[in-house]
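In: sequence unknown, structure follows:
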C-alpha cells in the first residue's frame, strides 16, 4: 500500500468514526426535536394561526420521521463503515433539513405583536442551537448547515421592527449564533484530533503486539523461539502441578548438522532447518502441543498431559517425518539422509522440582540417543 492509499484508508476510517458518532447520538436529537416542537406549539398556540402551526409541525415531523428511517437503515447496514461518505452525506442532509424546519418556525410562528412569545421562540431556538453542538459537530458541515438556517431568519425577524430593543436582540442572536458556530468548529477539531490519537494508539498497540510476536518467534523457521518456549514451559509446568497431569518434554538435535553446513553451505543449512521445523510442527496433532527452535539445530517439543510412552510415540513419529523429507546428507555418519535424535522426559519424578529439571532430564535422554548411535529416540527413566 503506497502513501496515497494509506492516507485514503486513514481518511475513510476517521470519517466512518465521525459518522458512527453522529448516528449514535441521533436518537437524542430526534427525541428533543419532538418534545421542543410540542412545547413551542403549546406556548404559541394562542398567538399564531392553528393551520400555520399544524402545517409547520407536519413538515417538521416528516423530516424527523425521514431521519429516523435513515437511522434505522444505517443501523441495519451490514457494515456502515464501508460507505462513510454516503453516511456522512445522508446525515448532513438530514441535519440541514431539520435546521430549515426550525428556521421556518422563526418565520411562520413568529408573533409580531407579543414580545414575551417572541422571547420564548428565540430562547427555544437558541437552546436548539446550543444543544445540537455535541450531536452534530463530529461531521464538519452538519452543524453549520443546521444552524445557519435558524440564525438568519430569527435574527432578521428580531431586527425587522427597527426599534432599539429588537435591533439589540437581533444583534445578540447574531453574536450568539457566531459563538455557537465557533464552538462547533472547536468541538469538531477536538473530535477529529481525538479520533486521530485513538487511531495512532491502536496502531501503536497493534505494532507492539506484532513486535511482541516477533521477539517470541524464530525469524528463520517461523516457529517459537527459546524465549517463547521457556515461557510456555513455565506456564505448562504450573498447570501440570495444579492438575496433577504429566507434562512431557522432547528435545531434539539434527544429526551432524555442522557437517551438513560445511558440506552444503549455510544457505542449504537454513533451508534444512526450515524443512525440519515444518515437519516437526506438522507432526503435532493436538492444539496444546508446541515445537520451538531453542538453539542452532536444537528443537524442543512440549506435550501437556502426555505420559512417557506417549512422548516416545510422538518423538518417533517426528523422527520418521524428518527422515521422510529425503534431504541428502552426504556428510552424515548415520545414513544418507538428514536425521535427528530425540530425548524425552516427563514430569512426576520426585527429583523434578522445577521446569529446569525437566529440561535437564530431556537433555540427558537426548545425550543417550546420540551416544546410542543417533537417529533414534531415548527416554529418561529415574
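Out: Here it is on my side, so go on. Every value quoted in this text rests on a predicted model; they were computed, and no experiment measured them.
In: do I have it right that residue 297 meets residue 257?
Out: Yes: using C-beta atoms under 8 Å, residue 297 is in contact with residue 257, at 3.8 Å. Using the backbone N, CA and C atoms, a C-beta is placed for each residue, glycine as well.
In: okay, now stretch 300-319: how far is its last residue from its first?
Out: End-to-end span of stretch 300-319 (C-alpha to C-alpha, to the nearest Å): 13 Å.
In: which residues in this protein form helices?
Out: In the chain, the helices defined using DSSP state H lie at 3-44, 50-76, 84-108, 115-131, 133-136, 142-159, 164-215, 226-243, 257-264, 266-283, 308-323, 355-371.
In: now the angle between helix 226-243 and the helix or strand bottoming out on mean pLDDT in the chain, please.
Out: Ranked by mean pLDDT, DSSP states H and E, the weakest helix or strand in the chain is helix 164-215, scoring a mean of 81. Interaxial angle, helix 164-215 versus helix 226-243 (axes from the mean of the first three to the mean of the last three C-alpha atoms, to 10 degrees): 90 degrees.
In: which helices and strands sit right next to helix 164-215?
Out: Applying 3 or more C-beta pairs under 8 Å, 6 or more residues apart in numbering; DSSP states H and E, one finds that helix 164-215 contacts helix 3-44, helix 115-131, helix 133-136, helix 142-159.
In: JSON lines for those, including distance to residue 376, mean pLDDT and mean neighbour count?
Out: Shown next, in JSON lines, are the helices and strands packed on helix 164-215 (distance: least, C-beta to C-beta, whole Å; pLDDT from 0 to 100; neighbours: other C-beta atoms under 10 Å):
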{"stretch": "helix 3-44", "distance to residue 376": "54", "mean pLDDT": "85", "mean neighbour count": "16"}
{"stretch": "helix 115-131", "distance to residue 376": "80", "mean pLDDT": "92", "mean neighbour count": "17"}
{"stretch": "helix 133-136", "distance to residue 376": "73", "mean pLDDT": "90", "mean neighbour count": "22"}
{"stretch": "helix 142-159", "distance to residue 376": "75", "mean pLDDT": "93", "mean neighbour count": "22"}
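In: any chance of JSON lines for those helices, columns distance to residue 277?
Out: Formatted as JSON lines, the helices and strands packed on helix 164-215 follow (distance: least, C-beta to C-beta, whole Å):
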{"stretch": "helix 3-44", "distance to residue 277": "34"}
{"stretch": "helix 115-131", "distance to residue 277": "63"}
{"stretch": "helix 133-136", "distance to residue 277": "56"}
{"stretch": "helix 142-159", "distance to residue 277": "56"}
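In: what about the least confident helix or strand of the chain, distance to the chain center?
Out: For helix 164-215, the separation from the chain centroid amounts to 21 Å (computed by C-alpha atoms, centre = their mean, to the nearest Å).
In: equivalent analysis for stretch 108-122, please.
Out: Between the centre of stretch 108-122 and the centre of its chain there are 51 Å (C-alpha atoms, centre = their mean).
In: got the end-to-end distance for it?
Out: With C-alpha to C-alpha as the measure, stretch 108-122 spans 13 Å from end to end.
In: which residues are contacting that stretch?
Out: With contacts defined as C-beta atoms under 8 Å, 6 or more residues apart in numbering, stretch 108-122 is touched by 40-41, 43-44, 47-48, 52-53, 55-56, 105-106, 154, 157-158, 161, 169, 173.
In: can you check what angle separates the least confident helix or strand of the chain from helix 3-44?
Out: 140 degrees.
In: got the angle between helix 164-215 and helix 84-108?
Out: Going by the same axes, to 10 degrees, helix 164-215 makes 170 degrees with helix 84-108.
In: could we number from 7 for the rest of this?
Out: Okay, using 7 as the starting number, the last item reads as helix 170-221.
In: quick one: helix 170-221 to helix 121-137, angle?
Out: Per the same axes, to 10 degrees, the angle that helix 170-221 makes with helix 121-137 is 10 degrees.
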